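Undergrad: This is a predicted model, with the sequence first.
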Amino acid sequence: MTTIADNLAAVRERIANAADRAGRKSSEIRLVTVSKTIDVERIKEAIAAGATDLGENYVQEALEKWQAIGPAARWHFIGHLQKNKARHAVEAFDMIQSVDSAELAGEIGKRALARGGAVDVLIEINVAEEEAKFGATPSDALALAEQVSTIQGIRLQGFMGMAPFVGDPDDARPYFARLKGLWDKLPKEQRLWLSMGMSHDFEAAILEGSNMVRVGTAIFGARKAKTGL
C-alpha cells in the first residue's frame, strides 16, 4: 500500500520528468499540495514528507487546520472567496490565488492593511469561459490586473486558472497555452507565478509554462465531498 510520502515522491518525479521534457528545471516549479477535506494528521504526514505549500478551498476549515498546524507550510487559498470572508482569509493565508474582481481585491487589501501588511494574490482566469466556473474572462484579464496592481495591501504575482476536465491531458494544452500567453503580457514584476495544472493534467500544464501546480488526489487519494464551508 502506498503512503502519502510515496505519492508525494511520485508526483515530484512526474514534475521533474515534465520539466525535463519542457527544457526547464524542476526547481522552478512549486508544488501546492491540495489538502482540502484532508484531516490534520494526514496533512502533517505530508509536511513531514516534504510538502512545503498547502492549498485549501474553504476558509473556516482552513482556519481550524491553521490553528493545529500553523506556519509549518505556506498556505494558499484556491477556492472561491466571498468578500465577507476576506478578513478571515487574510488571517491564515500567505497567498490568495482566486481573486476574480477588483472589489474582492479591494476588500483583501483593506483587511491586509488593517493587519499591518500585504497579501500575495493571483488573479483567477476562467480560461475556457465555462459558465459554472468562477474567474475573470480572458478578455478582461489584463485590465483587471492593472486595476488590482494599484490596490494597497495587495501584491499581484500572476494568474491562476484551470482547463476543462478532459480525458486526454494533452487536450488541455491549448487552454494552458492561452493562459500562458496572457501571463506573458503582464509587467515583469507581476509575472512571478502561473498557477495551472492539477492531478489529472499538471504535466500538460508544465509543458505549457506553469510554474505552480495544485495537486491533491494524486497525493492523498480520492477525497470525500465537502459542502457548506
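TA: That came through fine.

Undergrad: any idea how far Trp75 lies from Ala62?
TA: 7 Å (Cβ to Cβ, to the nearest Å). Every C-beta, even on glycine, is put in place using the N, C-alpha and C of the backbone.

Undergrad: which neighbours do those two share?
TA: Both Trp75 and Ala62 are contacted by 56, 92-93, under the criterion Cβ atoms under 8 Å, 6 or more residues apart in numbering.

Undergrad: Now stretch 152-161 - C-alpha only, CSV.
TA: Extracted in CSV, the C-alpha atoms of stretch 152-161 (Å, rounded to 0.1, in the frame of the first residue of the first chain):
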residue,chain,number,x,y,z
GLN,A,152,-2.7,48.9,-1.4
GLY,A,153,-2.3,45.8,0.7
ILE,A,154,-2.1,43.6,-2.4
ARG,A,155,1.0,42.2,-4.1
LEU,A,156,-0.2,40.9,-7.5
GLN,A,157,2.1,38.0,-8.5
GLY,A,158,0.4,36.4,-11.5
PHE,A,159,-2.5,34.3,-12.8
MET,A,160,-4.3,31.1,-11.8
GLY,A,161,-6.6,29.0,-13.9
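
Undergrad: Could I get the full set of helices for the chain?
TA: Taking DSSP state H, the helices of the chain run over residues 4-21, 40-48, 59-69, 86-92, 102-114, 141-148, 173-183, 202-207, 217-220.

Undergrad: Dump the shared contacts of Trp75 and Ala62 into CSV; add pLDDT and distance to Leu179 as well.
TA: Converted to CSV, the shared contacts of Trp75 and Ala62 look like this (pLDDT from 0 to 100; distance: Cβ to Cβ, whole Å):
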residue, pLDDT, distance to Leu179
Glu56, 98, 22
Ala92, 92, 27
Phe93, 97, 22
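
Undergrad: Go through these and say which is closest to Val166.
TA: Glu56 (25.4 Å; Cβ to Cβ).

Undergrad: can I assume Leu144 is in contact with Glu124?
TA: No - contact between Leu144 and Glu124 fails when scored by Cβ atoms under 8 Å: they sit 9.9 Å apart.

Undergrad: So between these two, which is more surrounded?
TA: Legend: neighbour count by other Cβ atoms under 10 Å for Leu144 and Glu124, higher for Glu124 (28 against 20).

Undergrad: Now do stretch 64-72, average pLDDT.
TA: The average pLDDT within stretch 64-72 is 95.

Undergrad: Can you give me the buried ones in it?
TA: Neighbour-count burial for stretch 64-72 flags 65-66, 69 (criterion: 16 or more other Cβ atoms under 10 Å).

Undergrad: Which of the residues you listed sits closest to Arg214?
TA: For the buried residues of stretch 64-72, the minimum distance to Arg214 (Cβ to Cβ) is 16.6 Å, reached by Lys65.

Undergrad: which non-adjacent residue is nearest the closest one?
TA: Sequence neighbours aside, Val40 is the residue nearest to Lys65 in space, at 5.8 Å (criterion: Cβ to Cβ, 6 or more residues apart in numbering).
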